[in-house]
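Asks: A structural model of the following input is requested.
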Amino acid sequence: MRARFRKRSSEAGLSLLELIIAGSILLILSSAALPVFKFTVIRSKEAELHRSLREIRNAIDRYKDVADLNLVRVQVGSEGYPPDLETLAKGVSYGGGVQKIRFLRRIPIDPMTGRAEWGLRSVQDDPDSTSWGGNNVFDVYSKSQGTALDGTKYSDW
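Replies: Residues are numbered from 1 along each chain as shown. Below you'll find the predicted structure:
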């Protein structure tokens with residue numbers, strides 16, 4: 001009877017050494033996965049920033065094309081570009097003023113700052129200007145001062 005009791009107690013569970021080894025292996029694996037997860041989150045935000053910038057810039061270009069065809073009224077000196085981003089989302093009278101055309105459903109949120117605020121440049125501004133002249137919207141950029149994974153600044157995209 002004694003031999004049977006010993007056999008059961010040795011097979012009943014894990015020893016303390018086995019638990020320590022299993023715990024340390026799990027710790028090593030989780031510490032290796034954490035940086036990978038961090039970079040995955042950053043990459044997805046960067047991809048979202050690229051999509052948002054492309055969406056706004058395409059809307060600006062479509063507005064410019066419609067303005068060049070004299071289908072919408074534009075301010076003198078605006079060169080046919082929209083006066084602000086809200087105009088792209090709210091829409092403008094199209095053709096003879098019967099229809100309204102919108103170029104954006106909404107102003108996208110900058111994933112780096114978490115707000116729908118973008119840096120704006122007009123045609124009259126310098127290409128690397130950080131202040132907006134206020135005449136029209138020729139280009140947009142992120143107001144984030146962060147650095148991307150490729151080493152460039154988000155505001156330079």
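
Asks: what sits up against the strand or helix carrying Lys100?
Replies: For Lys100, the element it lies in under DSSP states H and E is strand 99-101. Identification of contacts with strand 99-101 by CB atoms under 8 Å, 6 or more residues apart in numbering yields Val66, Val72, Gly91, Val92, Ser93, Tyr94. In this view, the C-beta of every residue, glycine as well, is placed from N, C-alpha and C.

Asks: the strand or helix carrying Pro35: what's the following helix or strand?
Replies: Assigned by DSSP H and E, Pro35 belongs to helix 16-68. Tracing the chain C-terminally past helix 16-68 and defining elements by DSSP H and E, one meets helix 85-90 next.

Asks: how about that following helix: buried residues?
Replies: Buried residues in helix 85-90, counted by 16 or more other CB atoms under 10 Å: Leu85, Thr87, Leu88, Ala89.

Asks: try stretch 106-119
Replies: Neighbour counts using 16+ other CB under 10 Å place Ile107, Pro108, Asp110, Pro111, Met112, Thr113, Trp118, Gly119 of stretch 106-119 among the buried residues.

Asks: now these as JSON lines including secondary structure and pLDDT?
Replies: Putting the buried residues of stretch 106-119 into JSON lines (DSSP: H, G, I helix; E, B strand; the rest coil; pLDDT from 0 to 100) gives the following:
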{"residue": "Ile107", "secondary structure": "coil", "pLDDT": "95"}
{"residue": "Pro108", "secondary structure": "coil", "pLDDT": "95"}
{"residue": "Asp110", "secondary structure": "strand", "pLDDT": "94"}
{"residue": "Pro111", "secondary structure": "coil", "pLDDT": "94"}
{"residue": "Met112", "secondary structure": "coil", "pLDDT": "93"}
{"residue": "Thr113", "secondary structure": "coil", "pLDDT": "92"}
{"residue": "Trp118", "secondary structure": "coil", "pLDDT": "94"}
{"residue": "Gly119", "secondary structure": "strand", "pLDDT": "92"}
